[in-house]
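Asks: Quick one: sequence and predicted model below, then my questions.
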Amino acid sequence: MKIYCPTAVVLGLLTLSLAIPGLSIAQSNQDSGHGVSPMDSATPGEGGTLYPVYVRGEAYLEAGQGQQAAAEFQKLIDHRGIVQNFVLGALAHLQLGRAKALSGDKENARKSYQDFLALWKDADPDIPILKEAKAEYAKLE
């Protein structure tokens, strides 16, 4: 039986964050074009997590590369067994919606936003990312 341990998840993310500083620093400096390359070879499930895939998807979004970003976020959605109930699993739907909207695919963008909003239907309505998602979704209508 597998035991879920939130501490292990946090430590795993911390370890990955320390292992990929070039990507995190480039992303925080708004240097998205350089932020993608350190993780180009990462594969789903590498290290038992899809965190590098999520971060790479965010870097693609910041670089304005919607199709590449969508492909990365789709990997998270396709690997629910690895993501489980971690917040990145739900956020992948939102980011996929943003990527699809950036690519001009409004129909699939709306669906991804709807999936995210369904997952977060019981969340505190004052959470900033939820407010942003609702506003972005309204603009797609």
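Replies: That came through fine.
Asks: Next, the contact list for residue 141, please.
Replies: residue 110 (C-beta atoms under 8 Å, 6 or more residues apart in numbering). The C-beta positions use only the backbone N, C-alpha and C, and glycine is treated the same way.
Asks: Check this protein for its longest helix and report it.
Replies: Longest helix in the chain, counting residues (DSSP state H): helix 87-102.
Asks: Just the buried residues of that one, please?
Replies: Neighbour counts over helix 87-102 (16 or more other C-beta atoms under 10 Å) mark 88-102 as buried.
Asks: now the helices for this structure?
Replies: For the chain, the helices defined by DSSP H cover 6-19, 21-28, 32-35, 51-62, 66-78, 80-83, 87-102, 106-119, 128-140.
Asks: Please work out the average pLDDT along stretch 65-84.
Replies: The pLDDT scores in stretch 65-84 average 89.
Asks: Render the CA-only coordinates of that stretch in PDB, please.
Replies: In PDB, the C-alpha atoms belonging to stretch 65-84 read as follows (Å, rounded to 0.1, in the frame of the first residue of the first chain):
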ATOM      1  CA  GLN A  65       4.500  29.600 -27.500                       C
ATOM      2  CA  GLY A  66       1.000  28.400 -26.800                       C
ATOM      3  CA  GLN A  67       1.200  25.100 -28.700                       C
ATOM      4  CA  GLN A  68       4.300  23.900 -27.000                       C
ATOM      5  CA  ALA A  69       2.900  25.000 -23.600                       C
ATOM      6  CA  ALA A  70      -0.300  23.100 -24.300                       C
ATOM      7  CA  ALA A  71       1.600  20.000 -25.100                       C
ATOM      8  CA  GLU A  72       3.400  20.200 -21.700                       C
ATOM      9  CA  PHE A  73       0.300  20.800 -19.700                       C
ATOM     10  CA  GLN A  74      -1.500  18.000 -21.500                       C
ATOM     11  CA  LYS A  75       1.200  15.700 -20.200                       C
ATOM     12  CA  LEU A  76       0.200  16.500 -16.700                       C
ATOM     13  CA  ILE A  77      -3.400  15.800 -17.400                       C
ATOM     14  CA  ASP A  78      -2.500  12.600 -19.200                       C
ATOM     15  CA  HIS A  79      -0.500  11.300 -16.200                       C
ATOM     16  CA  ARG A  80      -3.100  11.700 -13.400                       C
ATOM     17  CA  GLY A  81      -1.700   8.700 -11.600                       C
ATOM     18  CA  ILE A  82       1.600  10.600 -11.000                       C
ATOM     19  CA  VAL A  83       0.000  14.000 -10.300                       C
ATOM     20  CA  GLN A  84      -2.700  12.400  -8.100                       C
END
